[in-house]
Every structure is written in C-alpha cells, then in structure tokens.
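**Q** generate coordinates for the sequence data below:
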Amino acid sequence: MILHILTIFFIISPFFPATGNLHWFFRTADFVRLQSLFIQLVLLILLIFLDNPFTTFSWILLAALVLSMIYQLLKVAQYSSFYPRKQSHASTDGHVSILAGNVLQTNSCYPDFLNEIKRLDPDVVLTMESNKEWENCLSPIEKDYPFSVKVPLENFYGMHLYSKIKLENVEVNYQIEDDKPSIFFDLRIADNPPIYFCCLHPAPPSPTENETSKEADAELIITGKKIREEDKPTVVCGDMNDVVWSRTTRLFKKMTGMVDPRVGRGFFPTYNANYFFLRFPLDHLFHTKDLYVGKMIRSNYFGSDHYAMYYEIHHKKNVSTPENPKMDVEEKEEVEEIIEEGKNN
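**A** The predicted structure is shown next:
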C-alpha cells in the first residue's frame, strides 16, 4: 500500500508546474526533476519485484510511472552531456571571461574564493550575497580589477562586480523588489561592439523567501524585454533561482533567442554544494547567437552553498547580432501578465 501511494505521488508530482500554479510547492517539482527521476526508477524496480501478485492496477501504475518518467526525460535530456552538442564553427575576434558565484553572505572562507579567482583568472568577477564584510575581504583583488560596482547589502542580496576591463553605461536597477538589485553594463572587447551584460539574482520561491515565483519570473521577463530593445551582443548571468527547463526560462529564451551553453555539456548543478543528492542547476548564463562559450567550468568548493561558474565568452568574427525572434499574440500577453503579476504581488 505504501509503495502504491508513493508511486501515485511521483507519477503526479512532475506535472505540478504544468498547472500554472506559481506557489513554491508546485514549482519545487521543476527543481527536483533529476532527483524525482531517480526515485521513479527505484519505484519502478520495486513495483516489478515486490508487487505480488501483479494485478491490472499494478500494470496501470507501471505504465503511468513509465510515461511520467518519459515526460521528465524530455524536459531535461538536452542538458545531459550525452545530448548532441552544437559547437560553433565561427572564428573568434576576441573574448572575455567571467567568474560568477553566490558566495553566501555568512560564509567566511574568503581565502578559498580568492584562490578560485587566482586559479581561474577571469576578466570579470561577479559575486552575489556579498555584504560589506565580503567587500572588505575582496579588496586585495582590486589591484588587478580596477573597475568595480559595489552594492553591499546585509539581506543576502548584495552584489559586487570587479573587472579588468573598463565598464561602460553601468546601471544598478531594482527591477521588481526594492531590496533585490541587478547590475547592467556594457563591456567592450577590442574594436567589437560592446557586450551588454545583465547580472541577476532574484529571490526564489520557497517557504522562507517569496511564497510564489511571481517576482523571480517577472525579473527575468523584464530583462528579456530590455534585451529585445538592445541591438548588441548580450550576456545574462547570475543565480537565477530557477532551472533552465522551467516554463518561464523557456519563454525568456524564446523571446530573446538566447543560447544556453549547458545544452550538450551537462547539468552543472551549482546548488546545494553541501549535499550531493539535493543539487540543482540554479546558476545560469545565456548569450545571443553572435557569441559562443568556449570554456565552461564549475568552481571548486569554497565554503558557500553554491559553486561558482566560470565562462569564456567569445565574440564571433563577422557575425552580427540577430534580429529579435517573432512572438505571437499569446506569448506577448503572457509576457505582460508575468510582469504585471510580479509588480503587483
């Protein structure tokens, strides 16, 4: 009986996000697809070997479980390293590297993160959850990173940006919530058009944060609208507190035409760094099609509950920024609805 109840729950729960309910309980099923797939496999084996005698109900459960597993596999398969990877054959006329990491405000392993910066030697360092104490402890890198944007906060949503390359048109925006900043800037590589960077860290849907995903969804979609207004190479990165196969992230990618470099490379789960089984890919980077990602590396453990991600972003030689993808009426309405709900929540 317990086996049947568990099986029914894990048959149904993967479809919770499809209901459109934005409450954290329903959205959680998106985050744990890899874990629930593993549990489904275990339940499948237990049903086959322990469910005696095998009845018509057993066959129905088995068939429903397999269909639910196929549904989940279709959601996540392209982010597996077994999926065919589209490699860029364009030559590069310049590149910039970025190390982006949620350092965890209460984490005091400052030397470990500084060692990661030294080891990976990125052109740009982005930290999230960095407060004034983190700012002080990161000060040794300023001799190599003379350009910076500092937003120290004590609410676990501070952000700091350090760059070896001059930053242009810097903006610190609070797009949805008054205490959740985002950083936008242009960065120029040689004589190429400037790359527009959008660095985000919205609050997750959870029992201890926002009850629903409305704010996080709205921030990503507002950023998508900004990108559609720009006619230049663009990179979006940060701790998105969402998974790339969620409906909102898929809508964001569709409205911007941006590329996820994870496809065909692997899941690169970044949170929770402390628990292997409870680990999800929450830290992302997306880029326009006039760019491509060469190296993509997950950092070593540095005391945070997140791993940081290192990306080497290349500008494609003689390739211009593509036009915005066309959106149908329903998609445009959905975009405006998401933004409105996020602002009014």
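
**Q** who are the contact partners of Asn169?
**A** Contact partners of Asn169, counting by CB atoms under 8 Å, 6 or more residues apart in numbering, are Phe184, Phe185, Asp186, Pro194. In this view, the C-beta of every residue, glycine as well, is placed from N, C-alpha and C.

**Q** quick one, domains of the protein?
**A** Residue ranges for the domains of the chain, per automatic domain parsing: 2-79, 92-339.

**Q** next, give phi and psi for Ile11.
**A** Phi and psi for Ile11, reported as degrees, to the nearest 10, are phi -80, psi -40.

**Q** I figured it hits Ser68, correct?
**A** Yes: under the criterion of CB atoms under 8 Å, Ile11 is in contact with Ser68, at a separation of 4.7 Å.

**Q** coming back round to it: which of the domains of the chain sits most buried?
**A** For those, the largest average neighbour count (mean count of other CB atoms under 10 Å) is found in domain 92-339, namely a mean of 19.

**Q** how long is that domain end to end?
**A** Distance between the boundary residues of domain 92-339 (CA to CA, to the nearest Å) amounts to 36 Å.

**Q** where's the nearest residue to Lys132 once chain neighbours are set aside relative to Ser139, distance?
**A** With CB to CB, 6 or more residues apart in numbering as the criterion, Lys132 has its nearest non-adjacent residue at 4.3 Å, and that residue is Pro152. In this structure, Pro152 lies at 12 Å from Ser139, with CB to CB, to the nearest Å as the measure.

**Q** including distance to Arg85, could the domains of the chain go into CSV?
**A** Output for the domains of the chain, formatted as CSV (distance: least, CB to CB, whole Å):
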stretch, distance to Arg85
domain 2-79, 10
domain 92-339, 3
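
**Q** next, format the ones you listed as a markdown table and append mean pLDDT and distance to Lys86.
**A** Listed next are the domains of the chain as a markdown table, based on pLDDT from 0 to 100; distance: least, CB to CB, whole Å:
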| stretch | mean pLDDT | distance to Lys86 |
| --- | --- | --- |
| domain 2-79 | 92 | 10 |
| domain 92-339 | 94 | 7 |
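
**Q** rewinding a little: among the contacts of Asn169, which one lies nearest to Glu209?
**A** Here the nearest of the contacts of Asn169 to Glu209, counting by CB to CB, is Phe184; it sits at 23.2 Å.

**Q** most residues in a single helix of this protein, which one?
**A** When secondary structure is assigned using DSSP state H, the longest helix within the chain turns out to be helix 56-76.

**Q** roughly how far is stretch 256-266 from the heart of the chain?
**A** Centroid separation between stretch 256-266 and its chain, computed with CA atoms, centre = their mean, to the nearest Å, is 11 Å.

**Q** can you list contacts of it?
**A** With CB under 8 Å, 6+ apart as the criterion, stretch 256-266 contacts 78-81, 83-86, 224, 227-228, 234, 236, 244, 252-253, 268, 281, 284-289, 291-293, 296, 311, 322, 324-325.

**Q** mind listing which of those residues are in strands?
**A** With strands defined by DSSP state E, the entries of those inside them are Thr234, Val236, His284, Leu285, Phe286, His287, Leu291, Tyr292, Val293, Met296, Tyr311.

**Q** in CSV: these, plus distance to Lys166.
**A** Conversion of the ones in strands among the contacts of stretch 256-266 to CSV gives the following (distance: CB to CB, whole Å):
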residue, distance to Lys166
Thr234, 18
Val236, 21
His284, 26
Leu285, 21
Phe286, 24
His287, 21
Leu291, 19
Tyr292, 23
Val293, 23
Met296, 25
Tyr311, 20
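
**Q** now the element after the longest helix of the chain, going C-ward?
**A** Past helix 56-76, heading to the C-terminal end, the next element that is a helix or strand (DSSP states H and E) is strand 92-102.

**Q** who does that following strand pair with, and is each partner parallel or antiparallel?
**A** Strands flanking strand 92-102 in the sheet, each with its direction: strand 124-128 (parallel), strand 309-316 (antiparallel) (DSSP bridges).
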